[in-house]
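In: Let me see the structure of the following:
(chains A and B)
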Amino acid sequence: MASSIKIQKIAELLDARIVCGEQFTDSEVNHAFASDLMSDVLTLESEQLVLITGLTNMQTVRTAEMADINCIVFVRGKKVTPDMIEVAEDNNMVLIECQYSMFRTIGILYEAGVSPIY
Amino acid sequence: MEFNYEVEGGNFTKAGNAASNVKKVLKQLNVDPKIIKRIVVALYEGEVNVVAHAYKGNVLVDIDTDRIYIKIQDEGPGIPDIDLAMQVGYSTASAMVREMGFGAGMGLPNMKRNADTIDITSKVGEGTIVELTTKLTS
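Out: Got it, this is the predicted structure:
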């Protein structure tokens, strides 16, 4: 059984900035998936997961929308654009900007008990 | 209920507009979220395919009480070998498409996985038609 973690806690652990969806940061996630390839994200069947990615474009948010992913952590200091925020807000999504590398981000979350999907 | 959406070849910013709208409609109809996810993932993959490969396209969505029918039609180069295109990992996508997070040769196989039936017809030099049908109840 995976342990769950609040989105707020994820942002704290990563010393990261919540860009939008502050009102949903009390919700919990069980799993994380890290990928810059959206095709892989679209094959996942899990829910309540956080997506960790360095890909910052509209298609990242659209992919999350279709895959029922409510939280995206953008790593390597990537910046979210206003049109991404618009779609994220429309879908009650939390977007987080993190300065850490993907490896460091994943390590911290793994240590905190966030489970892989497979 | 019938809906029509235009898809612009090469314009990634708009890819997903049709799937996003269809998701909202299916939610309002109280369709099981797991079924909605299958439908919109397949449609979104289809939109990305049109943006990635074709000049322009059109999505027709017909929602009945028990099933959804989606027809994605494009004007584009067509698919010379559909069996090959259905193989996971086979891709003709450009570097630009790969930079957008796609183009790994997973689109058509993932559409097949997420639809009850898929029919693909294509003419080289003219375009491709992908038809998806999925039941709205499990």
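In: From now on I want contacts and neighbour counts done on CA atoms only, so please keep to that.
Out: Fine.
In: Show me which residues of the longest helix along chain B are buried.
Out: Ranked by number of residues, the top helix in chain B under DSSP state H is helix B:33-53. Applying a neighbour-count criterion of 16 or more other CA atoms under 10 Å in any protein chain shown, one finds B:35-53 buried in helix B:33-53.
In: Give the next helix or strand downstream of that helix.
Out: strand B:56-63 (DSSP states H and E).
In: Compute the inter-axis angle for that next one and helix B:33-53.
Out: Using axes from the mean of the first three to the mean of the last three CA atoms, to 10 degrees, the direction of strand B:56-63 lies 160 degrees away from that of helix B:33-53.
In: Give me the helices and strands touching strand B:56-63, please.
Out: Counting contacts by 3 or more CA pairs under 8 Å, 6 or more residues apart in numbering or on different chains; DSSP states H and E, strand B:56-63 is packed against strand B:2-8, strand B:67-75.
In: touching chain A at all, the shortest one?
Out: In other words, strand B:2-8. No - Strand B:2-8 is not in contact with chain A by CA under 8 Å from any CA of the partner chain; minimum separation 14.6 Å.
In: what does the helix or strand that that strand is followed by rub up against?
Out: Downstream of strand B:2-8, the next assigned helix or strand under DSSP H and E is helix B:17-28. Helix B:17-28 has contacts (CA atoms under 8 Å, 6 or more residues apart in numbering or on different chains) with A:62, A:65-66, B:5, B:33, B:36-37, B:40-41, B:43-44, B:47, B:59.
In: who are the neighbours in contact with the residue nearest to residue A:42 when sequence neighbours are not counted?
Out: Among residues not flanking residue A:42 along the chain, residue A:67 sits closest, at 6.1 Å (CA to CA, 6 or more residues apart in numbering or on different chains). Going by CA under 8 Å, 6+ apart, residue A:67 touches A:41, A:42, A:44, A:45, B:37, B:41.
In: which of the residues you listed sit farthest apart?
Out: A:41 and B:37 (12.5 Å; CA to CA).
In: Would you agree residue B:93 is in contact with residue B:100?
Out: No - at 10.8 Å, residue B:93 does not count as touching residue B:100 under the criterion of CA atoms under 8 Å.
In: Between the two, which has more neighbouring residues?
Out: residue B:100 (20 against 15; other CA atoms under 10 Å in any protein chain shown).
In: okay, now the closest residue to residue B:122 other than its chain neighbours: neighbour count?
Out: Distance criterion CA to CA, 6+ apart; nearest residue to residue B:122, sequence neighbours excluded, is residue B:128 at 4.2 Å. Residue B:128 has 22 neighbouring residues, counting by other CA under 10 Å.
In: Residue B:65 now?
Out: As a burial measure, residue B:65 scores 10 neighbours (other CA under 10 Å).
In: pretty sure it is in a strand, no?
Out: No - Residue B:65 is assigned coil when assessed by DSSP: H, G, I helix; E, B strand; the rest coil, not a strand.
In: now the helices for chain A?
Out: In chain A, the segments counted as helices under DSSP H are A:7-13, A:38-41, A:58-66, A:82-90, A:102-111.
In: Of those, which stretch is the most buried?
Out: Comparing the helices of chain A by mean neighbour count (mean count of other CA atoms under 10 Å in any protein chain shown), helix A:58-66 ranks first with a mean of 23.
In: now it: how far from the chain's centre is it?
Out: 11 Å (CA atoms, centre = their mean, to the nearest Å).
In: Which residue, neighbours along the chain excluded, lies closest to the residue nearest to the spatial centre of chain B?
Out: Chain B has residue B:46 as the residue nearest its centroid, 1.8 Å off, counting by CA atoms, centre = their mean. Spatial nearest neighbour of residue B:46, chain neighbours left out: residue B:72 (6.9 Å); criterion: CA to CA, 6+ apart.
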